[in-house]
Each structure stands twice: as structure tokens, then as C-alpha cells.
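Novice: How does the following fold in three dimensions:
(2 chains)
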Amino acid sequence: MLEFKNYTKIYTKGKRAVDGLNLRVGAGEIYGFIGHNGAGKTTTLRSAAGILEFEEGDILIGGISVKKDPVACKRIMAYIPDEPRLYDNLTGIQYLSFISDIYGVDRQTRTERLEKYGEAFELTKYLGDLIGSYSHGMKQKLALIGAFLHQPKLMILDEPFVGLDPKAAYTLRLFMRELCEGGGSLFFSTHVLETAEKLCDRVAIIRGGRLVAEGPMEEVKGNESLEQVFLELTDNA
Amino acid sequence: MLKLVKIFFINSLKLNYFRIGKKKAKMWGFAALMLFAAACCLFAAGQYAYAIASAGLPGMILPLFMSGASLVTLFSALFSAKSVLFGFKDYDLQASLPLRHSQLVASRFIILYVYEFLLTAGLLVPAAAVYAWFKDAGPAFYISFILALFFVPLMPLAIGSVLGVLAGAAASRFRGSGVIQIIFLMALSLGIMWLNWSSGNGVSAAAVSAVYGAVSRRWPPAAIYGAALEGSLSALAAFIALSAAVFILFVFLASRWYGKINAAVTAVYTKGSYRIRGLKARGAFKALVLKELKAYFGSVLWVFNSAFGIIILLGVAAASLFVGEDYLAKLGPVRGYIMPVLPLLVCLVVSMSNVSCCSISMEDGRLWLIKSLPVSEKTVLLSKMAVNFLLTAPACVIAAALLCVGLRPGLATGIYLFLAPLAYSLFVAPFGLAVNLLLPKLEWATEAQVVKQSASVMVAVFGGMAAAGIPMALCFASDPAIVVPSASAAAALAGVGLGLWLMRAGVKRFRALS
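Specialist: From the prediction side, this is the model:
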């Protein structure tokens, strides 16, 4: 579903934020992407979402190149950044209607999905209020509902659990699993290693823009915890 | 406290970019452009002062300019108070610092004061130079002028801030707070302008005297200021004391209740009782345009900065139905000069009503959202241009129809009244968007930094003024029957050219933004 082929992002003065990344997220997989601050996680995610241009290699989504046909790629995926800034002057429902219109979700389907996700994230009754009045967590929930509304085949999430209350985090994990059971894929970055350990089918660890470990969760961590493996790979490498 | 002010200016004016990073050349270019614009304003102010002095009334120059500067400060404070003094983005960060509350408050006042002082000085310094030239003023005048200059912005700043904050706090209790604020502030501004204009204008001795009389009645500090600069020490002391007293009272009251005022201004109406029903589905382009319109009307400052001229235009056009004939009769032979230029006058208003010139900058931290949507960059750019066109084109048609009925300009001018502003509407939207793509400001703390102070807005507004102003000037030297259609055709062609540029190079620039 998502494939990085020698993906390289070079910032000014030749600094390689990410260097020659190769990895593949299969259909139905939840894929964790972990690394220190500044390791290149957000850069990678933003490039995959078609937001940030990159210099070398390619990123394929459902076999389509993000470089060559970004709109087709975006049609089948959803991206949420670590701090989703939304339109404060719109109400929650106006934002979700906007997203539904853009992705061409019909009236019947959007109503059903809104009821499902709105209730699950306990946001329905606030959808008539301005987004500017929402807390950080509510904005995060709204962005997540917007992402689930059009049932993407691939979800790219940057630190999705930050700001969510425990119940919402649990609900998100359920919906993540549900999406993957339906054949969708999830690629997300996180610093919450316990969650990644429990949730992910595969994991990649990035350090200084280079991949230092990648594979099925059980193989990467072996008999240790993910936290121990992460510290060993990132501190002692 | 001064450190907060320093940090604000370093950050908001991007001063570090002058010496660090790859934007150095761009920043110096922008600074040069700003200096040029400031020089043009100083020159224009000096010219107007010279006209008043030449009419034999040099004594009225400074009171009139002082009241003009006060009016500008009043408007500026009216619209900036809510975002600069209160409700600014980094309030939480600053409020969490180990500083006294009064220091934080004072730093915000100083920031607003610095902006208003520069505006005031920009108007009064050239006026004072002309006055001193005509009156052969001595050292006492210069000392009084410099001393009083620091106090001129204080009273209008305080009054404008109070009104702006009241409007913001009252409107925040309603869901459509942006629209309510726009209506309230628009009514207030039009009222102030009507008061200012109702006594007439022009630079003939009679007209200046009439304006001076009206100004003295409606803004008494102007008369005290005038007397102070004529050499009255008691008037100087009274002016300084009055200005300082009003401002200190305002600062004291605002500081005392800063937390409450800030909470009231930033409060957002919530109901928490929404039920899902009656959802509508739209096409992607329409959804983008609607989103853009909601973002636009949600920002009071953005609406005011871009639509004020259009509102005035519609008001004047409507008024022409009732007073058009009388006004034209008063003009006498001047009518023959003004009527053929009328379409370009409307074009001037349209050219200055640029919505798209900050529509990219206003995306701020939301650029991720628009860029992650499955719509092409072309569609996004077209939706932004469409909003500008939707706001100017219908207003142009309505204004043209009203002016045709009210002023009966003749067939040719009547046709140009419809076509020329529409042609300029075609130009303004892509022009503004192109400028914003070339000069984006994607990091800002207050809306005023984008809507009022950003490079793209300055370039788009001054560029728009030049696009209509130059042909207007040419009309007086050449045949308007040739200039008006030629300028309109050039504007439409430029609009098409810029549109094509946007669809190619503009798309690449938009893609590269992050």
C-alpha cells in the first residue's frame, strides 16, 4: 500500500534529513515509525502525504507515485499532523462537510459515518460550535473523524495519541485495527513505545535520517521490550 | 518588559532574516520597498500640506494633519486592539513567564504605540516641515512639535482600543461573532467618516476653513494642538496633560482588568447541542470556495482591509441616486473632466480591494490540510481567485448600475462603467495571488501582521493603485475615450497572463511552500 524507494529528502546546504529510506507497508498492516526528535519522522510522513517535495527516490501509494500523481494518491489516503491546525472560524460540522465534499462522500454515507465516529469520539454535540472554541484534544478528534469519514486505504498519522484522553486513545486504537481488518493500512509515528509495541504489526526505527531497524514487531524487539531495543539502537549506534 | 517588545519586533518583522539564512536579499529588497512606500507617503503628505499653505492657511496645516493622524490611529487601533493588545497567539506563552502582569500589558501597549507613532510621524513630520517653511518657525516651534508628537497618538489609540475591544467582547457572545463585529465596526467607521466628510473637502481656502471649523468642533484636541504649536505654552501643557491623562486612565483600567478583558475578547460562543441532520453534499470546487469565504468573513481585519473600499463605493453609488444631480450641478465645468474618468475611479477602488493577496498567508499552520487534500494545486488557486472575483465583480455591476442611473454619464462612459471594473476584477484576483505566492508570510502571531503589514498586501495594494492611478493621470493628458478602454483591455490581458502564470509557475511555487 505504501512503499518508500530510496526516499531522500535534502534540505538547504545539502543536509540530508532522510537518506535512502526503503520500506514497505503492506495492506492490512499497522506500521509504527519511531525515532528521536529530529530523526526525520515528520519529514518522511509529510513527503508521503504529498505535502513536502523530495529530491531523490520515490514514494508509491497503492502503486501510484506521489511525485507523478499526487492527487490520485491523496484520494486514497488521509494524513493528520502532530498538531492539526484546523479552520477556527468554521464549525466542526462545516469542517467535516468540507472534507466529505472534497472526497466525494455522499450524503447518506457521510451521515452514517458521522454518527458512528462522532459518537465514538464523543464530539457530536459540539459539532455545531466553532473549531476555535475546541480544546487541543477536541481538534485532534475532529481531524481523526475527518480522516475516517472517507475511509482511506492508507492513513498517515504523526503522533496521533498526543492530546487524546485515555478513552479517545482507546477508541482510536479500535478504529485503527478496524481499518486494517478492512484491508486498509496505517503508517504512524509515535514516541509512546508501549502503544507501538502492542498495536503495530511492523516497526521501523530511524536515526539521523537513516533506517537502523525494520521488520515485524516480534523480530525487531526479540526478547526485549521495544523501549530497550530503541534505546540500544539509537543511543549506542 | 522591553525584552518582550524587542522579541516581538525581532519575530514579527523577521529581523534575523536580514543576516541569517537564504532570504537576506529578499528581506533587504522588501525593506527598500517599504522605505520607498514610506517616502511616497511622506511626499504626498507634504504636497497636501503645501496646497493648504498655498491657499493662505498655513496655520491650519498642523491641526488638520493632527486630526487626520488621529483618525488614522483611531481606525488602526479599532481593528488592531483585539489582536495586538488582547487575544494574541502567544499570550499563553508570555503569561506563563515569571513577569508581572503589568509588564506584559505594558509591552503590548508599547507595541501598538510604536506602530501608531510611526503612522502619526509619517503624516505630521512633512506637514511640520511645510509649516515651518511658510511660517519661518523658530527653535521653540521645533521643540514644541517634537514634544507634542509623542503624545498625539495616545488619545485616539485609547479611544479606538476601547471601541475595538467592546466590539470584540460583545460579538464573542454570538455564534456569528465575525459577521457581527464586521457590521458593528463597519457602521462605526462609516459614521466616523461621514462626520469627517460631511463638512466638505478640497484645498480651497473656504473648504479648508470649513473642514478646520468642523475638526475643531469634533476633535477639540486638534485646536489645542494647533495653539500649542503657535507658541502657547499653556496649550502645550494642556495637550500633553490631556493626552497623558486619557492614556494613563486607559492603561490603568485595561491593566487592572486585563485578564477579564482578554477572556471576554477571546471567548468563543459554544452551545454543545448539535444533532446530525440535513447534511448537504457539494462539489470539491464549491466546497473550497465556501471554505475560503467562511475563513474570509471570519476575519474582521481581513474583511475591513479588503472590502472597505467596495462598501464605500456601493454607498456612494447608492447616494448618487438621491444627490447625484445636485452634486454634478455644483461641480460645474469640472464635471466634464470627472465623468469620463469615473470608470477608472471605480477601477481604483476595485484594485485596492484585494482579498487574494493574503489568502495563502492566512492559511498559516493549516497549509498541511489544503495540501493533503485530493485536489490539484490549480483548483486550490482557482478557488482563492474565485473568492476575490465573487466579492468584487457583483459589487462592480451593482455600483455601475446605480451610478448610471444617478449620474447619467452617457452611453460610452456608462458601458465603460460596467466593463472597466470587471476587467480590473479579472486582474486583481490573480495579481494578488501571484504576489502572495512570491511573498508569503506563513508564520505570524497576529492577523494584523498578515492583513495590514505583510509585504504581499503592500505590493498588491500599491500595485493595484498604480494600475488604475496611472491611466487616471493619463486621462488628464490624453483622450479618456482611448485611455479608459486601453487600460481596461490591458488589465484584462494582464489578468489572463497572470492566471496562466499561476497555473504553471504558481502551482510549482504553491507546491514548494511548507
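Novice: Run through the residues of the stretch 251-400 of chain B sitting next to chain A.
Specialist: When proximity is defined by CB under 8 Å from any CB of the partner chain, the stretch 251-400 of chain B lies next to chain A at B:268-276, B:279-284, B:286-288, B:290-291, B:294-295, B:297-299, B:364-369, B:371-376. Backbone N, C-alpha and C define where each C-beta goes, glycine included.
Novice: For PyMOL, what selects the buried ones among those residues?
Specialist: Buried residues within those, by 16 or more other CB atoms under 10 Å in any protein chain shown, are selected in PyMOL with:
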select buried, chain B and resi 268+274+276+279+282+284+287+288+290+291+294+295+297+298+299+366+367+368+369+371+372+373+374+375
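Novice: Select from the residues of the stretch 251-400 of chain B next to chain A every entry located in helices.
Specialist: B:284, B:286-288, B:290-291, B:294-295, B:297, B:367-369, B:371-372 (DSSP state H).
Novice: which one among the residues you listed gets closest to A:K153?
Specialist: B:S372 (14.7 Å; CB to CB).
Novice: Tell me the pLDDT of the residue nearest to the closest one when sequence neighbours are not counted.
Specialist: Leaving aside its sequence neighbours, B:S372 sits nearest to A:Y79 (CB to CB, 6 or more residues apart in numbering or on different chains; 4.4 Å). Here, the pLDDT recorded for A:Y79 equals 92.
Novice: tell me the contacts of A:Y79?
Specialist: For A:Y79, the contact set (CB atoms under 8 Å, 6 or more residues apart in numbering or on different chains) comprises A:45-46, A:48-49, A:51, A:147, A:155-158, B:368, B:372.
Novice: what secondary structure does the residue nearest to the spatial centre of chain A sit in?
Specialist: Central residue of chain A (CA atoms, centre = their mean): A:L157, 1.6 Å from the mean position. Three-state call for A:L157 (DSSP: H, G, I helix; E, B strand; the rest coil): strand.
Novice: beta partners for it?
Specialist: Per DSSP bridges, the residues bridged to A:L157 are A:I80, A:F188.
Novice: Can you pull the phi/psi pair for A:K15?
Specialist: Torsion angles at A:K15 (phi, psi; degrees, to the nearest 10) stand at phi -70, psi 120.
Novice: Spatially, what comes nearest to the residue in chain B positioned nearest to chain A if we skip its sequence neighbours?
Specialist: At 2.6 Å from chain A, B:G298 is the closest residue in chain B, using CB to the nearest CB. Spatially, and ignoring its direct neighbours in sequence, B:G298 is nearest to A:N89 (2.6 Å; CB to CB, 6+ apart).
Novice: Who are the contact partners of that neighbour?
Specialist: Under the contact definition (CB under 8 Å, 6+ apart), the residues listed for A:N89 are A:130-132, B:178, B:294-295, B:297-299.
Novice: Lowest pLDDT pick from those residues?
Specialist: Least confident entry in the contacts of A:N89, by pLDDT: B:G178, with 60.
Novice: Only alpha carbons, please: show stretch B:142-151 as PDB.
Specialist: C-alpha atoms of stretch B:142-151 as PDB (Å, rounded to 0.1, in the frame of the first residue of the first chain):
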ATOM      1  CA  TYR B 142      10.600  72.500  16.800                       C
ATOM      2  CA  ILE B 143      10.800  71.800  20.500                       C
ATOM      3  CA  SER B 144       7.100  72.000  20.900                       C
ATOM      4  CA  PHE B 145       6.400  69.900  17.800                       C
ATOM      5  CA  ILE B 146       8.800  67.100  18.800                       C
ATOM      6  CA  LEU B 147       7.500  67.100  22.300                       C
ATOM      7  CA  ALA B 148       3.800  67.100  21.300                       C
ATOM      8  CA  LEU B 149       4.400  64.500  18.600                       C
ATOM      9  CA  PHE B 150       4.900  61.700  21.100                       C
ATOM     10  CA  PHE B 151       1.500  62.500  22.700                       C
END
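Novice: residue boundaries of the strands in chain A?
Specialist: A:2-10, A:16-25, A:30-35, A:56-61, A:64-65, A:77-80, A:154-158, A:185-189, A:202-207, A:210-216 (DSSP state E).
Novice: I misspoke; the intended subject was chain B.
Specialist: Using DSSP E, strands in chain B do not occur.
Novice: So it: which segments form each domain?
Specialist: Domain assignment for chain B by automatic domain parsing gives B:2-266, B:284-512.
Novice: just these: most buried one?
Specialist: Here the criterion is mean neighbour count by mean count of other CB atoms under 10 Å in any protein chain shown, and of these the winner is domain B:284-512, at a mean of 20.
Novice: wait, which of the contacts of A:N89 is closest to B:A44?
Specialist: B:S299 (28.8 Å).
Novice: List the buried residues for stretch A:148-162?
Specialist: Across stretch A:148-162, burial judged by 16+ other CB under 10 Å covers A:148-161.
Novice: Put the alpha carbons of stretch A:19-31 into CSV.
Specialist: Provided in CSV are the C-alpha atoms of stretch A:19-31 (Å, rounded to 0.1, in the frame of the first residue of the first chain):
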residue,chain,number,x,y,z
ASP,A,19,18.8,9.4,3.4
GLY,A,20,17.9,6.5,1.1
LEU,A,21,14.9,5.2,3.0
ASN,A,22,13.4,1.9,1.8
LEU,A,23,10.4,0.4,3.4
ARG,A,24,7.1,-1.1,2.6
VAL,A,25,3.7,-1.0,4.4
GLY,A,26,1.5,-3.9,3.2
ALA,A,27,-2.3,-3.9,3.0
GLY,A,28,-3.9,-4.6,6.4
GLU,A,29,-0.7,-3.6,8.3
ILE,A,30,-0.3,-1.2,11.2
TYR,A,31,3.2,0.2,10.8
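Novice: nearest residue to the residue nearest to the spatial centre of chain B other than its sequence neighbours?
Specialist: A centroid search over chain B (CA atoms, centre = their mean) returns B:N305, at 4.5 Å, as the residue closest to the centre. Take B:N305 and drop its neighbours on the chain: the residue closest to it by CB to CB, 6+ apart is B:V451, 4.9 Å away.
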